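**Student:** requesting a structural model of the entry that follows:
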Amino acid sequence: MDLSPLENMPLGHSSPQRAQRPSWKKWLLYSTTVILLLLCSFSTLIFTCLPLKTVNGPCIAKFGPLPSKWQMPSPEPSCVNKTADWRLKILQNGLYLIYGQVAPNTAYKGRAPFGVLLRKNEDSIQTLTNNSTIQNVGGAYEFHAGDVIDLIFNAEHQVLKNNTYWGIFLLANPQFIS
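**Tutor:** Numbering: from 1, shown residues only. Now for the predicted structure:
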């Protein structure tokens, strides 16, 4: 029996050639690319039409590390007001950058589980639960006059206050075109 005609037969074609349909994977890739391009174009248009007024003077506040007190470049910045330890009240609408570091006390053996909350008006905007390593806290947030921002702990001795701090910096004031 001669098998030479079978050796020349192409594999993978069980029927005569037909027009191939595009696969769903290609369609998904192309549609995702188009959506991302549209989103980038739209966001560029928004930021072009929405001018951001830069801040006149620095508005910075930092709490800790030791001594545990608020540190501010001017006696009282115009954008925030210190209301208590670890707590600020926002006085000016704007885009703020919050930065900080939380150092857990690994020797803490109390009953309360480790937990650190960054809150806005008593609603959590960031939660830290890892007590095995130093963690960063913060991000860019839009705040409005009257908002209260604080950093709280489940138990006071869960963190090493000589290596824990947080601060806030006013980046810009959005000015809407009317």
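**Student:** ranges for the helices of this protein?
**Tutor:** For the chain, the helices defined by DSSP state H occupy 4-7, 24-49.
**Student:** would you single out the least confident of those helices?
**Tutor:** For the helices of the chain, the weakest mean pLDDT is recorded on helix 4-7, namely a mean of 58.
**Student:** who are the contact partners of the residue nearest the centre of the chain?
**Tutor:** Nearest to the geometric centre of the chain sits G139, at 4.5 Å (C-alpha atoms, centre = their mean). G139 sits next to L97, I98, Q126 when contact means C-beta atoms under 8 Å, 6 or more residues apart in numbering. C-betas here are computed from N, CA, C, even on glycine.
**Student:** wait, isn't the last one in contact with G138?
**Tutor:** Yes. Q126 lies in contact with G138 (C-beta atoms under 8 Å); the separation is 7.4 Å.
**Student:** buried ones among the contacts of G139?
**Tutor:** I98, Q126 (16 or more other C-beta atoms under 10 Å).
**Student:** columns distance to G167 on top of the contacts of G139, output as CSV?
**Tutor:** Listed next are the contacts of G139 as CSV, based on distance: C-beta to C-beta, whole Å:
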residue, distance to G167
L97, 9
I98, 7
Q126, 14
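**Student:** can you show me the strands along the protein?
**Tutor:** Counting by DSSP state E, the chain has strands at residues 52-54, 60-63, 70-71, 80-84, 87-90, 94-102, 116-120, 123-128, 135-143, 148-153, 165-174.
**Student:** touching the longest one from outside, list them.
**Tutor:** Meaning strand 165-174. By C-beta under 8 Å, 6+ apart, strand 165-174 touches 50, 52-55, 58-65, 79-80, 86, 88, 92-101, 118, 137-138, 140, 142, 149, 151.
**Student:** which of these are buried?
**Tutor:** Neighbour counting with 16+ other C-beta under 10 Å marks 55, 59-64, 79-80, 86, 88, 92-96, 98, 100-101, 118, 137-138, 149, 151 as buried within these.
**Student:** now Y165, which residues is it bridged with?
**Tutor:** Assessed by DSSP bridges, Y165 has beta-bridge partners Q101.
**Student:** how close does it sit to N173?
**Tutor:** 25 Å (C-beta to C-beta, to the nearest Å).
**Student:** comparing the two, which shows the higher neighbour count?
**Tutor:** When Y165 and N173 are compared for neighbours, Y165 comes out ahead with 21 against 15, by other C-beta atoms under 10 Å.
**Student:** which neighbours do Q126 and G138 share?
**Tutor:** In contact with both Q126 and G138: L118, using C-beta under 8 Å, 6+ apart.
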